[in-house]
Each structure stands twice: as C-alpha cells, then as structure tokens.
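Colleague: I would like the atomic coordinates for the input below:
(one chain, ligands or ions: 1)
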Amino acid sequence: MIIKNNLDEIENYLVDASNFHGNCEAVYFPESKEEVVQILKEMNDKKKPVTVAGNGTGLTGARVPQEGVVISTEKLNKIVEVNETEKFAVVEPGVVLSDFIKVVSDKELLYPPDPTEKNCFIGATIATNASGEKTFKYGPTRDYVMELEIVLPTAEMLTLTRGKEIAKDYSLKMQTDSGKEIQLDIPVYKMPSTKNTSGYYCKKNMDAIDLFVGSEGTLGIITKAKLKLLSTPEKIISCVVFFNDEKNALSFIKEARNISLNTRLRTDERTIDALALEFFDVNALNFLSGSYSQIPEDAKAAVWFEQEVTHSNEETFFDYWIDLIKQFHGDEESAWFAVNNTDKIKLQEFRHSISAKVNEHITKNNLRKLGTDVAVPDANFEDLYFYSKKIVEEAGINYVIYGHFGDSHMHLNMLPGNSIEFETGKSIYRKICLRAIELNGTVSAEHGIGKVKKEFLIYMYGNEDIKKMIALKRSLDPNLILGRGNIFDIEE
Ligand SMILES: Cc1cc2nc3c(=O)[nH]c(=O)nc-3n(C[C@H](O)[C@H](O)[C@H](O)COP(=O)(O)OP(=O)(O)OC[C@H]3O[C@@H](n4cnc5c(N)ncnc54)[C@H](O)[C@@H]3O)c2cc1C
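Modeller: Numbers count the residues shown, from 1 in each chain. Predicted coordinates:
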C-alpha cells in the first residue's frame, strides 16, 4: 500500500472545494478492504485520528484532516457489477460518479442521484447523502443505497442490507461480520420534513443502513455499496426559460411544483411532472453572461426545468410547458430548449458552471465559501428567499442566488471582495441559517455539516440532542478516531 507524507504530495488532501485547509501526518492509499481494516486497527490501537477522503469536491471541509492520518479511497475504484436484469450495481467507494453514470447509461440504465458536481466519488456521495437537480423527482442518494459494506472505526466489518436490520422503536441491533452484536440507542429527535443532511438520520423503527448514509465519514468507512438503478427514460424535455420579472419565475416554479406533486398523487390532469426545477437570479445570470450569449439582456431570472417524456406524448407535454411559460410571462422566444443530447449536456453545463464559477471566485480570492445550503417547507420558501435577499442587499455584498427551488432549497453565495466584507458575510450567513431553522427547515439540505456548520446544528437540534448524537458515535467509535471535527465537537 502506498503511504505518502511528503507535503508536496499530500497538500491536495489538506483542502476541499470550500477552501477549508488542514493538516495531517500521512495519506494512506489502501487497495482493498483488508488494507482499510489494517489501517484502522493500527490507528484505533494508537488512538490516532483518521479522516476519510473522497475526491475533495465537498463544500464543508468534511474530508479535510486537522491531525492524524488520511485514508484516500481513490484506489478502491472498481465497478464490481452492473446487473441489467435486476437493475442494480455494486461499486467500490472511489468510483468517480461521472464514470459510473456513463457506464450505466451505456446499458440504458439510470443512476438518479445527480449532484451538480459529478467529479465526486460514490462513497462520498453516500457519506454526504448527496442530491442535486433531479432530487425533486427521484429523491436523494439515500433512496438508492441497497447494501453497504463498512469498516467500523474499531476495524470490524459490518454488512448492512436495506430491510434487514431494523430498529425496534429506538433500539437498533446489528451484527458485525465476525458475529459480534452491537446495540445502539437511537436518539429521539425530530428531523425537518425537507431534504436534509444535517446530523445523523435518526427515526423510530429506522433501517440501520440509513444511519450510515449521510454520516460524513464519522461512523465507518464504506468499502462497497450496492446501488439501485432505474431504466433510462425514453426522452427528456430540457429547457432554460428566462423571465424579466423574478416574481414570475418564482410563481412559475411554485405552480410547476404543485402540478408535479399533484400528478404524483394523480390529482392533476395536466400531468406535468418535473424532474428538475432550478432557479437562477439576475446576479447569477450576469455572472454567466460572458460565457452564454443566449441570456437576454433584460432577463431578471431563469428557470431550468426537465421532464421525462415518451416519443408519443412529447408534443403534449411540450404544449403544457409552453402554456405554463406563457401563464407566468416567461420569454417564450428566448427559451432555450434542448433538442438533442448535446444540447441537454450544454444545459447541464450551464447549471454546473454557476456553482463552479462561484467556487473559483472563492479560491482565487483566498476566501472561505459563504454559500447557504438551506431548505424549508415549500409554504415557507418565499419568506426565506426575500428575507435573505434583503439582508444581503442591505449589507452591500455581491451575491448570486441559484439552486434547487423545486425542493425549496436555496444556495445564496456571497462574493465578498475583502476580509471585512467576509466577516459581514459570515453574520448574514448566520442570520439566514437561523431564519431557515425558525421556518422549520434545515441548515444543510445536501452538502452536510462538516467542519464549517457545527454551530448551526446546535441551533437546529439543541445541545441535548447533539450529546445524544455523540453518545451514538461513541458506541461505534469508542476512541473517537474517525472523522474527528465533523458534525460536532467532542469535549473530552
Ligand atoms: C461546483 C460544485 C457543485 C456541487 N453541487 C452539489 C450538488 O448539487 N449536490 C450535492 O449534494 N453536493 C454538491 N457539491 C458538493 C460535493 O460534490 C458533494 O458533497 C460530494 O458528495 C462530495 O464528494 P467527494 O468525493 O468530493 O467527497 P469529499 O469532499 O472528499 O468527502 C466528503 C465527505 O465524505 C466522507 N467520505 C468520503 N469517502 C467515504 C467513504 N468511503 N466512507 C465514509 N465516508 C467517506 C469524507 O470523510 C467527507 O466527510 C458540489 C460541489 C461543487 C464543487
């Protein structure tokens, strides 16, 4: 196994896309689960901190070590099986998501969890319960995890299969591969009803596998996963529509969301069922205008929507969407429809480029990311949106807003020009998170808490519930070696 400790060779592992920096003694590159077991055994005996690394596209410093050693999963990168008949795949954690999507789509299968950044590792997307544009229809990563092979911090192996290890009320029993019984008390707290990746997933009668999904590298190292696949849709309508009044864009999303949710309940005859409902504010459009001549000069907002169709109903749905665009005064003329796969990829790039450009700006100016990941129940979303916009404008800080508005999930990214603005931006960020909590939402819908949002998790759940999360972690990681500094701080 390769072990690197020369700073030049390991400095990439001391940072992630949030520009959060850290330190470690060495980076290990295991090539098998046995090697992961061997490292964890040694580190657990020495009580030395271990941080698991995916591909470093995380936005919360979660894979950034503060001490001890890093285990990179990049050499655990095999796609073990793609089963076309039963529609599942078995993968190692270091498989790059875009590679996996390509392999399964060549077999006319779809792996729906679709974070905007596809250069991430699958193990990490499970550890962060990643979601993305299409979560509005397909749900987050959690919904696709059928089985996990995990190395616990104590170096024991655990294999969990969805539906097999179910808690009795709040008491969960699991058995390691060597037969040792583990009994956990699941904390009793209420998680928000929104999309959520804030703290451990804990529920009455929950499935053990759900505890590990979204646990941000703190409870175990995923060494293999069995993932559910779907059939590729026959066709997808994909379109970016521009609006010269932001309120119309928001109302368009609201109506498309309502119709889609009703369609799923079979109560709306228009049967629009959006895959994605993504929003861009005027600042986001200005940020992109240099690279995209399609953006009309007077555009004040845009919405990217997608819908699954078939060759036979494509025209009907096209007409439904045009009617909706007209109803909310969208600019039908400049609407950017993808007519083939190349166009569809261009629209995806358009969406990706706004997040990527924001991250470039942060890194270039050597600032830490100040981007919200808040989501609230649909009924409270406009309150959150206009409140956030008002306070950032009053402070005079440049910002862009975009995100998964179908899920009432907003990324407001501040672009401070200097460290004084950065400090002001921090207090605005804090106010937005607190507002989201007041509105029964979450401070992290998809990126996780990592090392940068711990304060807000305490506001969400309160100290007593955080202590229960820590007690749960301690049951699996008595020496508290794994993912130290993620989700919560532990006072010895
Ligand atoms: C431009 C841009 C856009 C983005 N858009 C989205 C988006 O739409 N949706 C979204 O959800 N995220 C998004 N992200 C965030 C990021 O891509 C995801 O959080 C992704 O899941 C991180 O993957 P990674 O391989 O880079 O993980 P890393 O950053 O390396 O690690 C993330 C976490 O996973 C843990 N981990 C990694 N591997 C394992 C393992 N095998 N076992 C246990 N724990 C492990 C790490 O310890 C860490 O806690 C975006 C990021 C960027 C830069």
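Colleague: does the ligand sit close to the host helix or strand of residue 302?
Modeller: Taking DSSP states H and E as the criterion, the element that holds residue 302 is strand 301-309. No - judged by C-beta under 6 Å from any ligand atom, strand 301-309 makes no contact with the ligand; its nearest approach is 12.7 Å. C-betas here are computed from N, CA, C, even on glycine.
Colleague: Which secondary structure state is assigned to whatever residue of the stretch 101-250 of the chain ends up closest to the ligand?
Modeller: With C-beta to the nearest ligand atom, the shortest gap between the stretch 101-250 of the chain and the ligand falls at residue 217, namely 2.5 Å. State at residue 217, reduced to three classes by DSSP: H, G, I helix; E, B strand; the rest coil: coil.
Colleague: Neighbours of residue 298, how many?
Modeller: Applying the criterion other C-beta atoms under 10 Å, we find 12 residues in the vicinity of residue 298.
Colleague: Check the secondary structure at it for me.
Modeller: Here residue 298 takes the coil state, with states given by three-state DSSP.
Colleague: I'd say it and residue 245 touch.
Modeller: No - in this structure, residue 298 sits apart from residue 245 without contact. The criterion is C-beta atoms under 8 Å, and the distance is 10.0 Å.
Colleague: how is the chain carved up into domains?
Modeller: What the record gives for the chain is the domain set 2-72, 79-231, 235-438, from automatic domain parsing.
Colleague: Quick one: the ones you listed as JSON lines, columns for mean pLDDT too.
Modeller: As requested, these are exported to JSON lines (pLDDT from 0 to 100):
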{"stretch": "domain 2-72", "mean pLDDT": "96"}
{"stretch": "domain 79-231", "mean pLDDT": "96"}
{"stretch": "domain 235-438", "mean pLDDT": "92"}
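Colleague: closest to residue 478 out of those domains?
Modeller: domain 79-231 (7.1 Å; C-beta to C-beta).
Colleague: where's the residue of the stretch 101-250 of the chain closest to the ligand relative to residue 30, distance?
Modeller: For residue 217, the distance to residue 30 equals 15 Å [C-beta to C-beta, to the nearest Å].
Colleague: These two: who's more crowded?
Modeller: Here residue 217 and residue 30 are compared on neighbour count by other C-beta under 10 Å; more neighbours surround residue 217, at 28 against 25.
Colleague: ok, the more buried one - contacts?
Modeller: Residue 217 makes contact with 51, 52, 62, 63, 127, 482, 483, 486, according to C-beta atoms under 8 Å, 6 or more residues apart in numbering.
Colleague: can you give me phi and psi for it?
Modeller: Backbone dihedrals for residue 217, given as degrees, to the nearest 10, come out at phi 70, psi 30.
Colleague: ok, it to residue 78 distance?
Modeller: 20 Å.
Colleague: ditto for residue 40
Modeller: In this structure, residue 40 and residue 78 are separated by 20 Å, where distance is defined by C-beta to C-beta.
Colleague: the more surrounded of those two?
Modeller: Neighbours per residue (other C-beta under 10 Å) separate residue 40 from residue 78, with residue 40 holding more: 24 against 13.
Colleague: How about that one: what's its closest non-neighbour residue?
Modeller: Ranked by C-beta to C-beta, 6 or more residues apart in numbering and with sequence neighbours excluded, the top spatial neighbour of residue 40 is residue 155, at 4.3 Å.
Colleague: For stretch 72-79, list the C-alpha coordinates in CSV.
Modeller: Listed in CSV are the C-alpha atoms of stretch 72-79, where the atom choice follows Å, rounded to 0.1, in the frame of the first residue of the first chain:
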residue,chain,number,x,y,z
SER,A,72,-7.8,8.2,0.5
THR,A,73,-10.4,5.9,-1.2
GLU,A,74,-9.1,6.7,-4.7
LYS,A,75,-7.6,3.2,-5.3
LEU,A,76,-10.8,1.5,-4.3
ASN,A,77,-12.3,2.3,-7.6
LYS,A,78,-13.8,-0.8,-9.2
ILE,A,79,-17.3,-1.1,-10.6
